[in-house]
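Visitor: Fold the following for me, if possible:
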Amino acid sequence: MKDPKRNLFLLLCQTFGLLAIGLPAIPVGAQDGVWALSSHRITNAPAKVQVAPAPMTREYPATKLKWTPVNTPGDLIHAGIGNHTSAAYYRLKLAFDSGTQRYSIRLGEISDRDQVYFNGEPMASTGTWDAVSPQAYDRIRVYDLPVNAGTGPHELIVQVRNDNNDELGIYRGQIEAGPSRLIWKKYYLEMTAQLALLSAYLTTALYFLFLFVRRRVEREYLYFGLFLVFLVVYHFFRTQLKFELPVEFAPMKKAQYVALVGMVPLFYFFLDAFFRPSRRAFRWTRKALTVLLLLPATGLGLIFLSDRATSWEIWNQRLIQPSWIPFVLACLAILLTNLRKRDARLMILGFLTLLVATILDVLQSQALTNLPTLTPIGLAVFNLGIAGVLANRFVRLNQELALNNESIRRFVPAGFLNLLGREDITATSLGDQVAIDEIAVMFTDIREFTTLSETMTPAENFAFINSYYKRVGPIIRNHDGFIDKYLGDGFMALFPKGAATALAAAIEMQDTLKAYNGFRIQRGYRPIQVGVGIHSGRCILGLVGEQKRIDGTVISDAVNVASRLEKLTQKHSCLAIVSTEAAARLPASHRFRLSDLGRVEVRGRREPVGIMGLEGIQ
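Guide: Here you go, the predicted model:
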């Protein structure tokens with residue numbers, strides 16, 4: 001079957017999916033056509049190997065055959081030997097430098113099935129020779145050579161057969177041999193490296209899918225997570241790990257095609273969701289490409305209906321791969337139109353890295369360069385770059401969310417939410433309420449503010465008010481209270497811990513006001529006076545409003561009384577006026593100096609309210 005890397009143009013469109021890990025062996029020349037194996041290291045086979053046509057039946061070659069030296073690895077059909085349904089022989093002459101050492105040979109990937117003969121005797125094979133379905137056309141063969149066979153030279157014949165696919169022979173992977181422990185160690189190290197890389201990709205995929213589950217509006221996490229899942233599935237079925245599964249070969253290859261079909265469209269939808277292009281052309285492109293998904297889906301359906309490997313690749317090349325071109329062009333259009341954004345530049349850099357690595361691997365597969373396999377590195381850079389961009393965006397979103405929450409907290413006091421039993425504003429709903437048996441309510445008001453404000457511009461008015469609140473707001477919080485409502489030149493504060501904290505806050509506020517007035521007098525401004533009224537009692541806190549606008553409110557007689565008491569401070573010279581009900585709730589050991597001011601009528605109450613003046617603290 002043709003490797004997609006043989007078609008460079010289509011390969012550039014599928015740079016999202018190549019993974020190969022290879023470890024170089026030491027090349028050793030052959031003398032008189034004999035490949036000398038070392039007992040200390042792995043050596044490569046001669047560059048050219050003797051090849052001859054073979055019958056379709058499994059048998060040792062006849063004595064009179066025309067052997068032709070052919071570059072290996074490579075497709076024998078391109079070399080003029082065989083066709084899509086044929087067989088061939090490879091002949092190697094081996095010499096061991098130790099007659100007792102155990103040697104193994106690695107044949108690379110064979111077009112489908114094989115039979116190996118050692119000195120004319122059957123030694124090993126892969127696949128059922130006469131099976132009607134593909135057996136293992138991309139499986140690496142590693143065979144142990146007979147022990148105690150002497151130093152040789154020995155003849156090794158490999159009969160290979162394809163099964164309705166467009167390649168014949170050892171078409172990928174270097175033929176190499178050496179001590180068994182080194183050959184198998186290299187093989188398992190490659191599988192371990194592949195498994196580790198796939199595990200890392202899968203972990204990253206699950207991480208982003210988890211982010212999508214927690215934040216379903218961020219669809220880019222879903223698409224990139226699925227892209228990585230498909231990438232893992234595709235590359236898993238390209239590795240030798242798949243042969244460890246108790247599954248027939250054909251279903252595994254079809255699963256690989258499923259992953260191949262999904263990767264490129266998923267990457268396009270990821271970019272579309274990430275950058276969210278708003279131009280009309282991109283919206284129409286999105287709709288058109290969604291409809292275009294029918295093309296690769298049709299190709300995939302035809303692949304599932306066929307058991308011929310040749311048909312699989314025909315539908316892959318004629319329907320699936322061509323359908324990628326508009327998706328790739330759309331990806332490039334999105335990236336280029338967002339080139340001013342750092343995220344787009346990082347993605348393009350990762351894409352170019354993968355593209356260059358893939359091209360170099362194409363050249364290496366055609367024996368035009370002698371570089372190691374670079375596609376895994378390019379793919380890792382590509383995926384890590386995108387994962388980094390997404391992780392950075394997630395951090396930015398969290399930072400923005402933290403700033404938004406901080407801004408919301410300035411509108412909705414944390415103390416109010418705590419009383420409602422909610423951790424943040426998003427956990428609240430219209431109608432949430434709680435009854436509190438005792439809470440102290442404080443009302444404050446700047447006296448003669450109307451007269452004062454008439455002497456200032458609007459900007460000066462707000463600067464003055466905010467300057468005052470900047471000084472008294474922290475005092476309220478330091479005494480375990482919170483400001484529930486700003487009322488222009490005054491505010492209402494609540495103290496869940498009772499009247500003692502409210503009185504202590506009132507004393508500190510008046511002390512701070514003295515210092516603030518000194519500051520104002522130095523700058524030629526009038527000093528100000530603030531009235532404070534405090535009452536305590538039972539109240540109900542809750543959220544009121546309608547669907548588009550809600551607010552926190554307090555329903556209580558204590559609010560009405562505290563407001564009325566604040567207005568009485570104009571008649572009495574004291575720091576604050578406290579109701580006798582609030583004073584009665586003070587601990588017996590309190591040190592506040594209170595003076596009895598008698599009883600007053602309060603609108604909304606049937607009985608007069610006893611009041612006391614707060615003079616300070618002992």
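Visitor: So which residues of the stretch 501-618 of the chain form helices?
Guide: Taking DSSP state H, counting those that start in this stretch, the helices of the stretch 501-618 of the chain run over residues 557-568, 580-584.
Visitor: looking at the ones you listed, which is closest to Met492?
Guide: Proximity to Met492, assessed across the helices of the stretch 501-618 of the chain by C-beta to C-beta, is greatest for helix 557-568 (7.0 Å). Using the backbone N, CA and C atoms, a C-beta is placed for each residue, glycine as well.
Visitor: So which bits of the closest one are buried?
Guide: Within helix 557-568, the residues that qualify as buried are 558-566, 568, counting by 16 or more other C-beta atoms under 10 Å.
Visitor: what's that helix packed up against?
Guide: Counting contacts by 3 or more C-beta pairs under 8 Å, 6 or more residues apart in numbering; DSSP states H and E, helix 557-568 is packed against strand 433-446, strand 490-495, strand 530-546, strand 576-579, strand 609-617.
Visitor: go with 6 Å
Guide: Applying 3 or more C-beta pairs under 6 Å, 6 or more residues apart in numbering; DSSP states H and E, one finds that helix 557-568 makes contact with strand 433-446, strand 530-546.
Visitor: give me every residue that touches Pro69.
Guide: Shown in contact with Pro69 (C-beta atoms under 6 Å, 6 or more residues apart in numbering): Lys48.
Visitor: give me that answer again for 7 Å
Guide: Pro69 sits next to 48, 50 when contact means C-beta atoms under 7 Å, 6 or more residues apart in numbering.
Visitor: so which strand or helix has it?
Guide: Following DSSP states H and E, one finds Pro69 within strand 68-71.
Visitor: List the buried residues of that strand.
Guide: So for strand 68-71, counting by 16+ other C-beta under 10 Å, buried means 68, 70.
Visitor: Pairing partners for it, with directions?
Guide: Strand pairing for strand 68-71, using DSSP bridges, gives strand 48-54 (antiparallel).
Visitor: that older thread, now the helices of the stretch 501-618 of the chain as a markdown table including distance to Thr204 and mean pLDDT?
Guide: Listed next are the helices of the stretch 501-618 of the chain as a markdown table, based on distance: least, C-beta to C-beta, whole Å; pLDDT from 0 to 100:
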| stretch | distance to Thr204 | mean pLDDT |
| --- | --- | --- |
| helix 557-568 | 55 | 88 |
| helix 580-584 | 60 | 91 |
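Visitor: okay if I get those as a markdown table plus distance to Gly537?
Guide: Putting the helices of the stretch 501-618 of the chain into a markdown table (distance: least, C-beta to C-beta, whole Å) gives the following:
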| stretch | distance to Gly537 |
| --- | --- |
| helix 557-568 | 4 |
| helix 580-584 | 7 |
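Visitor: Please identify which of those helices is closest to Pro246.
Guide: The nearest among these, by C-beta to C-beta, is helix 557-568 at 74.8 Å.
Visitor: ok so, going back, ok, so of the buried residues of helix 557-568, who is nearest Pro265?
Guide: Val559 (61.0 Å).
Visitor: I figured that closest one hits Val441, correct?
Guide: Yes - counting by C-beta atoms under 7 Å, Val441 is a contact partner of Val559 at 5.5 Å.
Visitor: any residues in contact with both of those two?
Guide: With C-beta under 7 Å, 6+ apart, Val559 and Val441 have common neighbours Met492.
Visitor: All the helices of the stretch 351-500 of the chain, residue numbers only.
Guide: Going by DSSP H, counting those that start in this stretch, the stretch 351-500 of the chain shows helices at 375-411, 414-420, 449-453, 458-478, 499-522.
Visitor: need those in CSV with mean neighbour count, mean pLDDT and distance to Lys93, can you?
Guide: Shown next, in CSV, are those (neighbours: other C-beta atoms under 10 Å; pLDDT from 0 to 100; distance: least, C-beta to C-beta, whole Å):
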stretch, mean neighbour count, mean pLDDT, distance to Lys93
helix 375-411, 15, 77, 34
helix 414-420, 19, 75, 84
helix 449-453, 14, 85, 107
helix 458-478, 15, 91, 90
helix 499-522, 18, 92, 98
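Visitor: Can you add distance to Lys185 and give these back as a markdown table?
Guide: Output for the helices of the stretch 351-500 of the chain, formatted as a markdown table (distance: least, C-beta to C-beta, whole Å):
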| stretch | distance to Lys185 |
| --- | --- |
| helix 375-411 | 20 |
| helix 414-420 | 61 |
| helix 449-453 | 87 |
| helix 458-478 | 67 |
| helix 499-522 | 74 |
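Visitor: okay, Met123: pLDDT?
Guide: Listed pLDDT for Met123 reads 93.
Visitor: helix, strand or coil for it?
Guide: strand (DSSP: H, G, I helix; E, B strand; the rest coil).
Visitor: Would you agree it is in contact with Gln115?
Guide: No - using C-beta under 7 Å, Met123 is not in contact with Gln115, being 8.7 Å away.
Visitor: Looking at these two now, which is surrounded by more residues?
Guide: Gln115 (22 against 18; other C-beta atoms under 10 Å).
Visitor: okay, that one: pLDDT?
Guide: So, for Gln115, pLDDT stands at 93.
Visitor: ok, now Val213?
Guide: The model reports Val213 with a pLDDT of 89.
Visitor: Help me confirm that it is found in a helix?
Guide: Yes - membership of Val213 in a helix is supported by three-state DSSP.
Visitor: looking only at pLDDT, what's the mean for the very next helix or strand once past the strand holding Pro69?
Guide: Next in sequence after strand 68-71, counting helices and strands by DSSP H and E, comes strand 87-96. Strand 87-96 carries an average pLDDT of 91.
Visitor: before we move on, the earlier item: closest to Gly545 out of the helices of the stretch 351-500 of the chain?
Guide: helix 375-411 (13.2 Å).
Visitor: The closest one - contacts with which helices or strands?
Guide: With contacts taken as 3 or more C-beta pairs under 7 Å, 6 or more residues apart in numbering; DSSP states H and E, helix 375-411 sits against helix 180-214, helix 219-236, helix 342-365.
Visitor: Comparing those helices, which comes out most buried?
Guide: Mean neighbours per residue, mean count of other C-beta atoms under 10 Å, is largest over the helices and strands packed on helix 375-411 for helix 219-236, with a mean of 22.
Visitor: got a list of contacts for that helix?
Guide: 17, 19, 198, 201-202, 204-205, 208-209, 211-212, 242, 255-256, 259-260, 262-263, 266-267, 269-270, 273-274, 386, 390.
Visitor: Poorly predicted segments of the chain, please.
Guide: Flagging of the chain using pLDDT under 70 yields the residue ranges 1-32, 164-165, 361-373, 408-410, 412, 423-428.
Visitor: per the record, what domains does this structure have?
Guide: The record assigns the chain these domain ranges, following automatic domain parsing: 26-173, 186-403, 414-617.
Visitor: Same list, those domains, but as a markdown table with distance to Pro179 please.
Guide: What follows is the domains of the chain, written out as a markdown table (distance: least, C-beta to C-beta, whole Å):
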| stretch | distance to Pro179 |
| --- | --- |
| domain 26-173 | 6 |
| domain 186-403 | 11 |
| domain 414-617 | 65 |
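Visitor: just curious, which of the buried residues of helix 557-568 is nearest to Ile175?
Guide: Nearest to Ile175 out of these is Val559 (C-beta to C-beta; 90.7 Å).
Visitor: Tell me the spacing between that closest one and Phe282.
Guide: 55 Å (C-beta to C-beta, to the nearest Å).
Visitor: swap in Ile105?
Guide: 55 Å.
Visitor: Can you tell me which residue sits nearest the middle of this structure?
Guide: When C-alpha atoms, centre = their mean is applied to the chain, the residue found nearest the centroid is Phe208 (3.4 Å).
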